[in-house]
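Peer 1: Sequence unavailable; structure follows:
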Ligand code: SF4
Ligand code: SF4
């Protein structure tokens with residue numbers, strides 16, 4: 001997946017569509033994808049909030065005069081090529097498909113949370129009802145039917161781009177060709193498959 005930071009307006013439609021599509025619990029602290037608002041203040045300090053979809057009205061208010069610039073960063077499972085979550089699962093419930101998507105077999109998962117702790121991107125949570133690990137699958141159930149992930153389909157700004165990374169004709173192939181790309185936490189060598197354009201150096 002490609003994400004163009006300059007296009008995201010923080011509307012949270014992707015977050016809502018993901019919750020609906022994937023039966024993610026409605027509470028504000030369970031997400032398969034979420035959007036962070038970064039505020040770089042005049043004094044050079046950085047404030048980060050996850051868009052709260054109207055749940056939490058108590059977060060810090062930052063005065064306009066203190067803001068140097070702000071932008072939104074959509075996040076989700078990076079579908080790492082070298083995924084720490086797969087390495088630590090004691091029962092093989094977390095695995096990589098032949099086409100490179102990291103999935104959780106909820107019949108095998110014992111809810112031990114090792115993968116949740118191992119993910120350096122905070123992409124996983126324990127589902128409060130099923131008691132198994134849950135996270136973004138790129139909407140794998142849609143991909144196998146030739147559909148786009150729900151977040152990509154609903155984004156009104158085309159900030160999210162999906163396709164075959166190896167195909168230069170795909171939307172993602174074009175995105176890769178046309179942009180200078182970054183990944184999150186590159187020093188960890190997880191080799192993420194979520195690629196960002198126009199990513200600020202303050203984002204981690
Ligand atoms: S982002 Fe986290 S959950 Fe996703 S593949 Fe990487 S380590 Fe696993
Ligand atoms: S739907 Fe698109 S523009 Fe809206 S928050 Fe998500 S990525 Fe950003």
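Peer 2: Okay, I see it. Every value quoted in this text rests on a predicted model; they were computed, and no experiment measured them. Numbers count the residues shown, from 1 in each chain. Ligands and ions are numbered 1, 2, ... in the order given.
Peer 1: only C-alpha atoms for contact and neighbour calcs from this point on.
Peer 2: Noted.
Peer 1: who touches the residue nearest to the spatial centre of the chain in this structure?
Peer 2: Ranked by distance to the mean C-alpha position of the chain (Cα atoms, centre = their mean), the top residue is residue 76 at 1.2 Å. The neighbourhood of residue 76, defined by Cα atoms under 8 Å, 6 or more residues apart in numbering, consists of 32, 33, 34, 123, 136.
Peer 1: would JSON lines of those with neighbour count, pLDDT and secondary structure be doable?
Peer 2: Shown next, in JSON lines, are these (neighbours: other Cα atoms under 10 Å; pLDDT from 0 to 100; DSSP: H, G, I helix; E, B strand; the rest coil):
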{"residue": "32", "neighbour count": "23", "pLDDT": "98", "secondary structure": "coil"}
{"residue": "33", "neighbour count": "22", "pLDDT": "98", "secondary structure": "strand"}
{"residue": "34", "neighbour count": "23", "pLDDT": "96", "secondary structure": "strand"}
{"residue": "123", "neighbour count": "23", "pLDDT": "98", "secondary structure": "coil"}
{"residue": "136", "neighbour count": "24", "pLDDT": "98", "secondary structure": "coil"}
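Peer 1: The residue lying closest to residue 35 once chain neighbours are set aside: which element?
Peer 2: Spatial nearest neighbour of residue 35, chain neighbours left out: residue 74 (4.1 Å); criterion: Cα to Cα, 6 or more residues apart in numbering. Assessed by DSSP states H and E, residue 74 sits inside strand 67-76.
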